[in-house]
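K.L.:
only geometry, no sequence info:
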């Protein structure tokens, strides 16, 4: 309800606490529904990688850790989620006297928490064989276990964050899809030119950057020819 005081000054509308919380609940419900729709989508071919299976067997389909982290930032916001190590265990450190090499295995339980407190936990694993250095092997295995755990925890939120790869039919078909070419604009998404005089940033068009690059290359070539 709007109104003015006796002095003619416009007063802000008043809401009861019940109306306020109902409004918040409706907004949260809309955001949750929109997020759910986004998470139900499956990954495009540009996110998919393959590597040989154990013993050189059937190829394994997976998503690299940095891609999933970038995707989580895109979906939840860079400050909308966090991960932490619940526990980490060195499962084994085997030393081969003959080869003087180490084989190490590390497991970690990782928790991914959203801003509203919702979280998922999962286990990640890292293993390295025939390492010359025990310390380097442990370092690599710990990092691998954490990255694997983050990926596995994130997949619990939906298809878009990797759960779709557990659909065998989808995994078999998606690797057959040709990856679409990435446009210049996508590569230059964060590219800016600094105006040091005005201390301002401006978006740069791909054509302008390409033209500047060609001009710079021509100047370099002329310089080399005249040398």
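P.N.:
Done, it's in. Note that the structure is predicted; figures quoted are calculated from it, not measured.
K.L.:
which residues in the protein form strands?
P.N.:
With DSSP state E as the criterion, the chain has strands at 3-4, 10-11, 49-51, 60-62, 81-96, 101-114, 119-131, 192-195, 200-203.
K.L.:
the third one pairs with which strands?
P.N.:
Sheet pairing here is set by DSSP bridges, and for strand 49-51 it gives strand 60-62 (antiparallel).
K.L.:
out of the strands of the chain, deepest packed?
P.N.:
Ranked by mean neighbour count, the strands of the chain are led by strand 101-114 with a mean of 20 (mean count of other Cβ atoms under 10 Å). (Glycine included, C-beta is placed from N, CA and C.)
K.L.:
that one to strand 81-96, inter-axis angle?
P.N.:
Taking axes from the mean of the first three to the mean of the last three Cα atoms, to 10 degrees, one finds strand 101-114 and strand 81-96 inclined to each other by 170 degrees.
K.L.:
strand 101-114 - contacts with which helices or strands?
P.N.:
Using 3 or more Cβ pairs under 8 Å, 6 or more residues apart in numbering; DSSP states H and E as the contact criterion, the elements in contact with strand 101-114 are strand 81-96, strand 119-131, helix 134-155.
K.L.:
for the residue lying closest to residue 35 once chain neighbours are set aside, give its distance to residue 34.
P.N.:
Distances taken as Cβ to Cβ, 6 or more residues apart in numbering place residue 75 nearest to residue 35, at 7.2 Å, with adjacent residues excluded. Applying Cβ to Cβ, to the nearest Å, the value for residue 75 to residue 34 is 11 Å.
K.L.:
the more surrounded of these two?
P.N.:
A direct count of neighbours by other Cβ atoms under 10 Å for residue 75 and residue 34 places residue 75 higher, at 17 against 10.
K.L.:
pLDDT-wise, which helix or strand of this structure ranks last?
P.N.:
The weakest-scoring helix or strand in the chain, judged by mean pLDDT, DSSP states H and E, is strand 192-195 (a mean of 40).
K.L.:
which stretches of the chain have low pLDDT?
P.N.:
1-21, 23-24, 182-227 (pLDDT under 70).
K.L.:
tell me what the closest residue to residue 140 other than its chain neighbours is bridged to.
P.N.:
Take residue 140 and drop its neighbours on the chain: the residue closest to it by Cβ to Cβ, 6+ apart is residue 128, 5.3 Å away. On the basis of DSSP bridges, residue 128 is bridged to residue 104.
K.L.:
list the contacts of residue 128.
P.N.:
Applying Cβ atoms under 8 Å, 6 or more residues apart in numbering to residue 128 gives the contacts 102, 103, 104, 137, 140, 141, 144.
K.L.:
what about residue 63, distance to residue 165?
P.N.:
Counting by Cβ to Cβ, the gap between residue 63 and residue 165 amounts to 7 Å.
K.L.:
list residues touching both of the two?
P.N.:
Common neighbours of residue 63 and residue 165 (criterion: Cβ under 8 Å, 6+ apart): 43, 48.
K.L.:
report the angle between the longest helix seen in the chain and strand 101-114.
P.N.:
Counting residues, the longest helix found in the chain (DSSP state H) is helix 17-40. Helix 17-40 runs at 140 degrees relative to strand 101-114, counting by the same axes, to 10 degrees.
K.L.:
what helices or strands is helix 17-40 leaning on?
P.N.:
Helices and strands touching helix 17-40, as assessed by 3+ Cβ pairs under 8 Å, 6+ apart, comprise helix 65-76.
K.L.:
just the buried positions in the helix it packs on, please.
P.N.:
Neighbour counts using 16 or more other Cβ atoms under 10 Å place 65, 67, 68, 69, 71, 72, 75, 76 of helix 65-76 among the buried residues.
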